[in-house]
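Trainee: what's the 3D shape of this:
(2 chains)
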Amino acid sequence: MTSRLMFRVLGALVAFALLARIPVGFDVGFKFDAALAVIWAFGLLSLVLLTGYVGQISLCQATFAGVGAYTAGMMVSSVHVDYLVAVIAGVVVAFALGVIVGLPALRLRGITLAIVTLGIALVFDRYIFQDHAFEWFTGGTGGWRVGQATMFGLRMDSSTHLMAAYLVLLALFCLVALLLVNLHESGAGRRFRAIRDSELAAATMGVNLTRYKLLAFGMSAAIAGMGGSFYPLVAGSVSPQPFWLFTSLQFAAIAVLMGVRYVPAAALGGAFMAFVPDVLTRYGHGTFMGHAYEISYDWFQIAVGVLLIVQLIALPDGVWGDLRSRVRHARSAAGAVGGRRVKVA
Amino acid sequence: MTMLRVRDLTVRFGGIVALDRVSLDLNRGEILGLIGPNGAGKTTLFNCISGVVRPDTGSIYFDNHSLTYAPVHERARLGVARTFQNLQLWGSMTVEENLIVPMDALGRRNTFSDALYLPFSGYAERASRERARAILHVLDLDRYARTLAGDLPAGIQRRVELARALAMRPRLVLLDEPAAGLDAQETAHLAEVLHAVRQRFHVSMLLVDHDMSLVMRVCDYVYVLDFGKMLAKGEPSAIRNDSKVIAAYLGEESKKLPGDIQTIAQAKKDERPLLEVSKLAAGYGGLEVIRDINLTVRPGEVVACIGANGAGKTTTLRAISGMIHPRAGRVTFAGKDVTGSTAERISKLGLIHIPEGRGLFPNLSVEDTLRLVSNTAGREVDISPAFKLFSRLRERRHQLVGTLSGGEQQMVALARAILSQPRLVMIDEMSQGLAPTVVRQLFEIIRVFRDEGIAVLLVEQFVESALDVADRAYVFEHGTIGLSGPAVELRSDRKLVAGSYLGSAADAAAIAPANGNGHHADPALMEIVSVRVPAKVKRALEQRAETENRPAGAVVVELLEKVDDQ
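Mentor: Numbering: from 1, shown residues only, chains lettered A, B, ... in the order given. Below you'll find the model as predicted:
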């Protein structure tokens, strides 16, 4: 084990230890937000791999999460398996869908690929998640209700055992994040980055584009699906609304906002996506200097748009990426050594 | 022993035959050169071998493996590596990482063991890293190992590309214009590097380049393509003097003597220059394509820019017309400093740029295209003079421009330029992809421009035709102007112009064995030669002139004739 790997493992453990304590003492609403934040963070993490590492655009990451959620919900509600099995099933189905979606990416890139994935998101949103023909998969208009679920023999369900679900989610997130950081510096990661920088050169230098692009799409979908498959557990049911088209677009926007090449930015973005709207709806109304005001969820959407424009001008490498390099600069100005290297953590 | 065997390769793009039953053999350990004028099919052949283009018929064999339809990454596995003309390094990775990717892309490591950091992956990682360091050491790139590839200057990036190709442990390296964007000194260094690489890594190479000085210096054997057919093959020294090859590069020799043109040129000499370019430098990204360009165009004058591909002619035009931003120097047009001004503003001053590919709108009719001139000129323009000049366009006035033939499209572009009543028209590669008869017609139109008092700056690959019509010419070489002078003088000395295409004439002069009678030296010629001769050769020439007690010009003329005789 190299010292760098030790450092990373330590980092993941510390992150877990710190984040695990945060929701303690808050009400159920905030505990739900915390768990939701991790689910969204998985979605953003999937974009760190797909867009940040491999340079592929996808506007259907919420669809992968949704497929994971519905598969897990179906497995638990109709087959009554342990939730662990449900999660594995969700991940596998999402992976398979990711590989299928990756097929057009073998030929397309840039804006055309974005539009194709957007189309896939639309089709799943409208004609699968909301269609009667797929009731066996979606559980009908009401969706799947997950009242009681066990994982590793532990009881965890939405209302009373949210903390347990949150901890399992967080542990998984830290683990996947660690693997992704490792991947970046490894041979496969370099091949991914080679595809991002120049596909033609990558193919010429012996990188099998078909294999690595499909793998990237599959792995990315699996990561999004892993987060999504916990959704029925956390929310108690599945519905199409959280996984609609707009969530996919929000994933893309917030991933860029926070820094699409950086793993910790995914956690930051997840928290942003889960907490800010809730805080706005809770405390976003009242009176200020005699004037009544109300800040609704719509303001969150507008804020994301405005922030994105500001970020692209002021922090082109994303919030995390630019803050990180600023800290680095300050440190090297203070006399610390270290050459310029692209890192992800 | 034959390593790469190409047989009867044919490639068609639509109706155009890019390669016509081309065959080629490359022996083990050989550096093979592939040259030819623009549009000859070099790149197509190169792309067939590297797998970017699929041939229609024919076969490519590499060490008894068929490469004809093998996917790109499969060729890498067989030991065929390549570099890229337009630098395709992975810019956000370090130089070292750039070398490791091809090494372990061919190994047996897998994504999951890498992510889990299994000991097996770590071991392979260390081995790759050591080998990368060794290759970088040989190519004198050690100190850049941890630098991001995108941050390096273009010259170094070329060397890293070569290092990356070598990291694949290839048996054959395909080099796509490795000298593009390098100056004469860097090119000379590259030649040394290529020789060293062959010795240290035991690789064969296929070299495609416009830079004849490199090809002549490095290659064991040279193939020449022209119009998709193999025109000639042989040792570099034989190719350099092959009359067919010279003709292919310079276009057919013209019979007309432009006596009347010279008088016009003389008459215009005193006027203040319309366009004055001094010390201009420009480029793209990390590549500086042109440097220290000085040229002038006087009112009503026709000036030609000739020279090998990649010498910087097009870039010069783009920098003048404001399509790219000059990095240094000054451009003055009609007494106004227009350096770095926008293309729109410059065209308003009366400088029209017809770019390569003509810059037309394929979905507009001929008439609408010409009417658009009113828009840019800011006044109502009568388009009938255009139809008077080009009666063919009158017949086709309602046809969409995109459906016209290449020659007719060029006529539309020229007509559009004339209607806006410019003071200077810059035409880039007017004759590209056109049949010789059409080209002749178009050159007649250049004379019409002159009669209308419009100055013309031409970039042309048909050297003979261009020199026919032009008053003066500039010969571009390695991003600077190698020689310049009245077109008549340049025409009368084919050898000099040929030298700029087929490797430096001065090189040839220095190599050729010399003795014989004295010749009378033309001082103008001597001046032209003196611009281009490297200091070392010049000293040698002067020494010899001194020992033989005759003018240096005489020695040069004699040497040049020797080259011609061979």
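Trainee: Distance check, whatever residue of the stretch 1-150 of chain A ends up closest to chain B against residue A:188.
Mentor: Closest contact between the stretch 1-150 of chain A and chain B, by C-beta to the nearest C-beta, is at residue A:5 (5.5 Å). Any C-beta I mention is one placed from the backbone N, CA and C, and that applies to glycine too. Between residue A:5 and residue A:188 the distance is 16 Å, computed by C-beta to C-beta, to the nearest Å.
Trainee: Please say which of those two ends up with more neighbours.
Mentor: residue A:188 (26 against 15; other C-beta atoms under 10 Å in any protein chain shown).
Trainee: what kind of secondary structure is that one in?
Mentor: Each residue gets one of three states, and residue A:188 gets helix by DSSP: H, G, I helix; E, B strand; the rest coil.
Trainee: start to end distance for stretch A:283-290?
Mentor: Its start and end residues considered, stretch A:283-290 measures 17 Å (C-alpha to C-alpha, to the nearest Å).
Trainee: Find me the pLDDT at residue 18, would you?
Mentor: Picked chain A for this. pLDDT, the model's per-residue confidence, is 90 for residue A:18.
Trainee: Oops, wrong one, chain B.
Mentor: What the model reports as pLDDT for residue B:18 is 82.
Trainee: ok, now residue B:512?
Mentor: For residue B:512, the model assigns a pLDDT of 30.
Trainee: The residue of the stretch 1-150 of chain A closest to chain B reaches residue A:182, doesn't it?
Mentor: Yes: here residue A:5 reaches residue A:182: they are 7.2 Å apart, a contact under C-beta atoms under 8 Å.
Trainee: With adjacent residues omitted, what lies nearest to residue A:286?
Mentor: In space, and not counting its chain neighbours, residue A:286 is closest to residue A:293: 6.8 Å by C-beta to C-beta, 6 or more residues apart in numbering or on different chains.
Trainee: Then residue B:407?
Mentor: Counting by C-beta to C-beta, 6+ apart, residue B:438 is the residue found nearest to residue B:407 once chain neighbours are left out, at 3.6 Å.
Trainee: what's the helix or strand hosting that neighbour packed up against?
Mentor: Taking DSSP states H and E as the definition, residue B:438 sits inside helix B:436-451. Packed against helix B:436-451, as judged by 3 or more C-beta pairs under 8 Å, 6 or more residues apart in numbering or on different chains; DSSP states H and E, are the following elements: strand B:302-307, helix B:406-419, strand B:455-459, helix B:463-469.
Trainee: want to try CSV for these, with distance to residue B:316 as columns?
Mentor: What follows is these, written out as CSV (distance: least, C-beta to C-beta, whole Å):
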stretch, distance to residue B:316
strand B:302-307, 7
helix B:406-419, 19
strand B:455-459, 8
helix B:463-469, 15
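Trainee: Just send the ones you listed back as TSV, with mean pLDDT, mean neighbour count and distance to residue A:249 too.
Mentor: As requested, those are arranged in TSV below (pLDDT from 0 to 100; neighbours: other C-beta atoms under 10 Å in any protein chain shown; distance: least, C-beta to C-beta, whole Å):
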stretch	mean pLDDT	mean neighbour count	distance to residue A:249
strand B:302-307	88	26	50
helix B:406-419	85	22	43
strand B:455-459	91	26	47
helix B:463-469	81	24	55
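Trainee: Looking at the ones you listed, which is nearest to residue A:151?
Mentor: When the helices and strands packed on helix B:436-451 are compared by C-beta to C-beta, helix B:406-419 sits nearest residue A:151, at 69.6 Å.
Trainee: Between strand B:302-307 and the helix or strand following the closest one, find me the angle.
Mentor: Elements were assigned by DSSP H and E; along the chain past helix B:406-419, the next helix or strand is strand B:424-428. Between strand B:424-428 and strand B:302-307, the angle comes out at 30 degrees (axes from the mean of the first three to the mean of the last three C-alpha atoms, to 10 degrees).
Trainee: From start to finish, how long is stretch A:73-81 in a straight line?
Mentor: Distance between the boundary residues of stretch A:73-81 (C-alpha to C-alpha) amounts to 10 Å.
Trainee: Now do it, average pLDDT.
Mentor: Summarised as a single mean, pLDDT over stretch A:73-81 is 87.
Trainee: Alright, I will stop here.
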